[in-house]
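Peer 1: kindly generate the corresponding structure for this input.
(chains A and B, ligands or ions: 2)
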Amino acid sequence: MLLQYIANGIAIGMAYAIVALGYSIVFGILRLLNFSHAAVYAFSANMILVFMGWHFGIWGAVAVSIVATGLLAVCVNQFALKPLRKKNSDKVANLITTVGASYIIQNLMVMYLGSERKTFPFFYDFGVSIDIGFYTITSAQISMFVIAGLLLVFLTLIIRKTKVGLAMRGIEQNPLAANLMGINVEWIIAIAFFMGGASAAVGGALIGGYYQLAYPSMGVMVGNKAFASAVLGGLGVLHGAAIGGLIVGVLECLIIGYLGASYRDGIAFVLLIITLIIKPAGLFGKKNITKV
Amino acid sequence: MLLEIKDLNTRYGPIHALKGVNLSVNEGEMVTLIGNNGAGKTTLLNTLTGLVHAASGSVIFEGRDITNKPAHQIMRGGINMVPEGRQVFPSLTVEENLRLGAYLIDKPREIERGYESVYDLFPRLRERRRQNAGTLSGGEQQMLAIGRAMMRTPKVLLLDEPSLGLAPNLIMNIFEVLERIHRDGMTILLIEQNANLALDAADRGYVLETGRIVLEGKCSDLKRDPAVKKAYLGG
Ligand SMILES: Nc1ncnc2c1ncn2[C@@H]1O[C@H](COP(=O)(O)OP(=O)(O)O)[C@@H](O)[C@H]1O
Ligand SMILES: [Mg+2]
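Peer 2: Ligands and ions are numbered 1, 2, ... in the order given. Sure thing, here's the model as predicted:
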């Protein structure tokens, strides 16, 4: 059974990881805990259903929703956070604003889409499963792992190997100097928000599919788990977010297996608190989140 | 005239930091602006590069008004600045710092040439190119800051107190390089508190006191000026 739980955990953990990336990327560049990210994540799955209603087909709906969710994250930055940066507002004001943005997004979804739970298609389940001894790996778990893994690699390559990525790392260390290199800092920040939003959208599609459910407040729990993953791995460190996500996912599935499903959501909080007490910078991080 | 500053005023709330500054730099010239701590030297550079908002007056570069344009656009136009306190990217390597200096360049061959010319100016940077900038000494960081600004050959190079906090032999080294860059044709506006060195290196100079230009002229004349001697050259 142990291996079965671990396999389940790795699949869902990879999805947490790509949602966690959004916290990590934005924190890296702005030193900001972006609490609107959970609502942005929920937006993606809910919008997939809307787009499907408009006959986009599931894959088309997913593609359009990824772009729309990326743009929503950009809007949060442009309309809520950028004006605050212009006025040199302090960090706490920025943080509270992201919480506010999260409520606005979630409530708009409730207003226009209703708060009830809707079924979400398990679109990447090809109905195949591989039996290895006593445990089973489904094709859906493999797809989840592969899609999320490819996205992780892709985003890591952007940040490590491209000019935009170098600009992000420059801004992270010294925004003033980055500006003097001719970098349009606001433009790069917008790209970072887009990357975070779009990867949360992929996470929304995968997790929505996994549980076959979407609803406006679905971001609350997954957002907390992804946030705990990002902090555990070290905010601002992308591979940290990935490993944090895997740890949260695997522990969650072990707890479901051995203690029962009612304890599953607690583990993220426990890990978050333990991390903050023992190693606030996270497993791979250098920056101390408590100093933010 | 390459760069012209006309009647520039800058305020930080109630502090009137620049009070109608006029200054110009011709193509190929090395101009220095000297002044004591708090005179407004950094404010002048930051205003002309768009980092600080000008209250009134104008900055004209190549005949175009660039007053209060965003900094990244001003840099795009061909101005580069070595800011006060070097401002390197500490956790990026020397080479990545230089690569960011060439951010506005896309041609790989041009970037390669940039590295070569910078390593030629500062051989020490070549030895340290894989090292994080934060592990360099103050002098090496200053070399890196200058090298970074030279990656994309600018039309004018602005320097804010490159000698600050450095040992005398390193200061000599940096100034030799600046004179060499200038001899090769670079237009330079050098801001310094170390008036002796600056007036020796530059062609023309300005003296800034509490936000006002109080003297200007050829450096050879300024060096002989009794007021300059008394206030800036130690007798
Ligand atoms: N960000 C700022 N906010 C308020 N006052 C400032 C700021 N920067 C500089 N000043 C003030 O403006 C004046 C000029 O400062 P600065 O340009 O840094 O001088 P310098 O570079 O010649 O030492 C000083 O009185 C300084 O205190
Ligand atoms: Mg200064």
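Peer 1: and A:Thr275, what does it touch?
Peer 2: A:228, A:231-232, A:282 (CB atoms under 8 Å, 6 or more residues apart in numbering or on different chains). C-beta coordinates here come from the backbone N, C-alpha and C atoms, glycine included.
Peer 1: could you work out the end-to-end span of stretch B:193-204 for me?
Peer 2: Stretch B:193-204 has its terminal residues 15 Å apart, counting by CA to CA, to the nearest Å.
Peer 1: please read the previous query as pertaining to stretch B:41-54.
Peer 2: End-to-end distance for stretch B:41-54: 14 Å, by CA to CA.
Peer 1: just the buried residues of stretch A:45-60, please?
Peer 2: Within stretch A:45-60, the residues scored as buried using 16 or more other CB atoms under 10 Å in any protein chain shown are A:45-52, A:56, A:58.
Peer 1: CSV for these, including distance to A:Leu30?
Peer 2: Listed next are the buried residues of stretch A:45-60 as CSV, based on distance: CB to CB, whole Å:
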residue, distance to A:Leu30
A:Ala45, 26
A:Asn46, 26
A:Met47, 25
A:Ile48, 28
A:Leu49, 31
A:Val50, 30
A:Phe51, 30
A:Met52, 34
A:Phe56, 33
A:Ile58, 34
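Peer 1: if I look at B:Leu121, how far off is A:Tyr5?
Peer 2: With distances taken as CB to CB, to the nearest Å, B:Leu121 is found 60 Å from A:Tyr5.
Peer 1: list the buried ones in the helix ranked longest in chain B?
Peer 2: For chain B, the longest helix by residue count, based on DSSP state H, is helix B:168-183. Neighbour-count burial for helix B:168-183, counted by 16+ other CB under 10 Å, picks out B:170-171, B:173-175, B:177-178, B:181-182.
Peer 1: same thing with stretch A:146-163?
Peer 2: Within stretch A:146-163, the residues scored as buried using 16+ other CB under 10 Å are A:147-148, A:151-152, A:155, A:158-159.
Peer 1: now B:Thr153, what's its secondary structure?
Peer 2: At B:Thr153 the chain is in coil, as set by DSSP: H, G, I helix; E, B strand; the rest coil.
Peer 1: list the contacts of it.
Peer 2: B:114, B:186.
Peer 1: how about the one 4 residues further on?
Peer 2: If you count contacts by CB under 8 Å, 6+ apart, B:Leu157 has them with B:80-82, B:149-150, B:181, B:186-189.
Peer 1: ok, so of those, who is nearest B:Gly28?
Peer 2: Ranked by distance to B:Gly28 (CB to CB), the contacts of B:Leu157 are led by B:Thr187 at 5.8 Å.
Peer 1: look up the closest residue to the closest one, ignoring the ones flanking it.
Peer 2: Excluding its sequence neighbours, the residue lying closest to B:Thr187 (CB to CB, 6 or more residues apart in numbering or on different chains) is B:Val156, at 4.5 Å.
Peer 1: next: B:Ala227.
Peer 2: B:Ala227 sits nearest to B:Leu215 (CB to CB, 6+ apart), 7.0 Å away.
Peer 1: run a quick neighbour tally on that neighbour.
Peer 2: Per other CB atoms under 10 Å in any protein chain shown, the neighbour tally for B:Leu215 reads 17.
Peer 1: now it, what's its secondary structure?
Peer 2: Here B:Leu215 is recorded as strand under three-state DSSP.
Peer 1: measure it to B:Gly165 for me?
Peer 2: As for B:Leu215, its distance to B:Gly165 is 26 Å (criterion: CB to CB).
Peer 1: where exactly do the helices run in chain B?
Peer 2: B:41-48, B:71-76, B:94-101, B:108-121, B:123-127, B:138-150, B:168-183, B:195-201, B:219-224, B:226-232.
Peer 1: same thing with chain A?
Peer 2: Using DSSP H, the helices found in chain A span residues A:2-30, A:37-53, A:58-75, A:82-86, A:91-113, A:139-161, A:163-173, A:175-180, A:185-211, A:219-233, A:238-258, A:266-278.
Peer 1: what residues does chain A put near chain B?
Peer 2: Proximity of chain A to chain B, by CB under 8 Å from any CB of the partner chain, involves residues A:163, A:166-167, A:169-170, A:173-174, A:176-185.
Peer 1: buried members of these into PyMOL, please.
Peer 2: Buried residues among these (16+ other CB under 10 Å), as a PyMOL selection:
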select buried, chain A and resi 166+167+169+170+173+174+177+178+179+180+181+182+183+184+185
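Peer 1: show me what from chain B comes close to chain A.
Peer 2: B:49, B:51, B:70-72, B:75-76, B:80-81, B:83, B:87-92, B:96, B:99-101, B:103-104, B:148, B:152.
Peer 1: which among the residues you listed end up buried?
Peer 2: By neighbour count, with 16+ other CB under 10 Å, those hold B:49, B:51, B:70-72, B:75, B:80-81, B:83, B:87-89, B:92, B:96, B:99-101, B:103, B:148, B:152 as buried.
Peer 1: which of the contacts of A:Thr275 has the largest number of neighbours?
Peer 2: Neighbour counts for the contacts of A:Thr275, by other CB under 10 Å, peak at A:Val231, which reaches 29 neighbours.
Peer 1: quick one: residues contacting that residue.
Peer 2: Going by CB under 8 Å, 6+ apart, A:Val231 touches A:244, A:272, A:275-276, A:282, A:289.
Peer 1: quick one: contacts for A:Leu246?
Peer 2: By CB under 8 Å, 6+ apart, the residues touching A:Leu246 are A:9-10, A:13-14, A:17.
Peer 1: pLDDT and neighbour count added to those residues, as CSV?
Peer 2: Formatted as CSV, those follow (pLDDT from 0 to 100; neighbours: other CB atoms under 10 Å in any protein chain shown):
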residue, pLDDT, neighbour count
A:Gly9, 95, 23
A:Ile10, 95, 18
A:Gly13, 96, 28
A:Met14, 96, 24
A:Ala17, 97, 32
